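A.B. asks: sharing a model prediction with you, sequence too.
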Amino acid sequence: MKIVVCIKQVPDTKGGVVFNPDGTLNRAAMLTIMNPDDKAGLEAALRIKEAHPGTTVTVLTMGLPKAEDVLLEAMAMGADDGVLVTDRVLGGADTWATSTTIAGALRNIDYDLIITGRQAIDGDTAQVGPQIAEHLGIPVISYAEDIKVDEAAKTVEVKRQYDDRYHILKANMPCLVTALAELSKEPMYMTPGGIFDAVDQKADRITVWGRKDLKDVDDKDLGLKGSPTKIAKASDKVRKGAGEKVSLDPQASVEYIMGKLNEKHLI
């Protein structure tokens, strides 16, 4: 079985956020990490690999050349190889242009299952994964908090988070699943041997693709020029309202809080 996990290098917001004049993120100027939901999806793929001998896990990312770092991290965790899609013409892409680009890369890869994170912490749109599935014409199951694969039947069964309950959905492979952070039940870490192998073998295990390598995509759908979403304003901090303020004695405060919790059906 062949699994492809789409991962993204995102800004580590603890180190501060830097914007370009056009409102896009200045990714080259910020510290970065692997997107948390994507890491949960990668861990799920590696657990599937452990349970199904012969399974391979390929990680794919789109970004600046330094995005190679998240591919190395993924391979140090146990992924088999990586694909970096990088080209100046792809910069400034919104969800439409990003999903178009990634789908164009995926058309060059054999896969049974594609796993993406639910959303990236630098955009929070939760659109790219489902859009990739739409471009590729394959089923999508979103908000996965558990994944089970039946390799013989070529199906995937997903426990899907839904409000205060969950769905159990099954789809034929190939399909795409978007992962929640809750999918990471037991965090997996890089191993010393994995780190050395990833760095020493990166020339053989990481493939770099540019615009010319994307299959069945139009230039008009790529990069900033191909992005229908326009940024009106960008900020790393959103001012919150003052909220409701009350001044009561301790007993009245308890009664007030309990009343509010009852009102919201929280207790």
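C.D. replies: Alright, I've got the coordinates.
A.B. asks: what's the closest non-adjacent residue to residue 113?
C.D. replies: residue 3 (4.8 Å; Cβ to Cβ, 6 or more residues apart in numbering). Any C-beta I mention is one placed from the backbone N, CA and C, and that applies to glycine too.
A.B. asks: now do the strands in the protein.
C.D. replies: Taking DSSP state E as the criterion, the chain carries its strands at 2-6, 9-11, 32-34, 56-62, 81-85, 113-117, 140-150, 155-162, 165-172, 175-179, 206-209.
A.B. asks: most packed of those strands?
C.D. replies: Greatest average neighbour count among the strands of the chain goes to strand 113-117 (a mean of 29), per mean count of other Cβ atoms under 10 Å.
A.B. asks: other residues contacting that one?
C.D. replies: Outside strand 113-117, the residues within contact range by Cβ atoms under 8 Å, 6 or more residues apart in numbering are 1-8, 35-42, 44-45, 48, 106, 128-129, 132-133, 136, 138, 147, 149, 156, 173-179.
A.B. asks: where does the prediction get shaky in the stretch 151-267 of the chain?
C.D. replies: 231-242 (pLDDT under 70).
A.B. asks: rerun that using 90 as the cut-off
C.D. replies: For the stretch 151-267 of the chain, residues meeting the criterion pLDDT under 90 lie at 161-165, 181-194, 196-197, 199, 202-203, 224-250, 252-254, 257, 259-267.
A.B. asks: thought residue 160 was touching residue 145?
C.D. replies: Yes - with contact defined as Cβ atoms under 8 Å, residue 160 reaches residue 145; the gap is 7.3 Å.
A.B. asks: what residues are shared contacts of the two?
C.D. replies: Common contacts of residue 160 and residue 145 (Cβ under 8 Å, 6+ apart): residue 166.
A.B. asks: longest helix in this structure, by number of residues?
C.D. replies: Across the chain, the longest stretch assigned as helix under DSSP state H is helix 36-51.
A.B. asks: packing partners for it?
C.D. replies: Helix 36-51 sits against strand 2-6, strand 56-62, helix 68-77, strand 113-117, strand 140-150, strand 175-179, with contacts defined as 3 or more Cβ pairs under 8 Å, 6 or more residues apart in numbering; DSSP states H and E.
A.B. asks: quick one: it to chain centroid distance?
C.D. replies: 12 Å (Cα atoms, centre = their mean, to the nearest Å).
A.B. asks: on that earlier part again, determine which of the helices and strands packed on helix 36-51 approaches residue 124 most closely.
C.D. replies: Comparison of the helices and strands packed on helix 36-51 against residue 124 by Cβ to Cβ identifies strand 113-117 as nearest, at 11.1 Å.
A.B. asks: so residue 82 versus residue 159, what's the distance?
C.D. replies: 28 Å (Cβ to Cβ, to the nearest Å).
A.B. asks: ugh, wrong one, I meant residue 199
C.D. replies: When residue 199 is compared with residue 159 (using Cβ to Cβ), they lie 36 Å apart.
A.B. asks: re earlier: quick one: which of the helices and strands packed on helix 36-51 is nearest residue 208?
C.D. replies: Proximity to residue 208 (Cβ to Cβ) singles out helix 68-77 among the helices and strands packed on helix 36-51, at 8.1 Å.
A.B. asks: tell me which residues are up against that closest one.
C.D. replies: Outside helix 68-77, the residues that touch it by Cβ under 8 Å, 6+ apart are 5, 7-9, 32, 34, 42-43, 46, 59, 61, 79, 81-84, 188-191, 194-195, 197-199, 202, 205-206.
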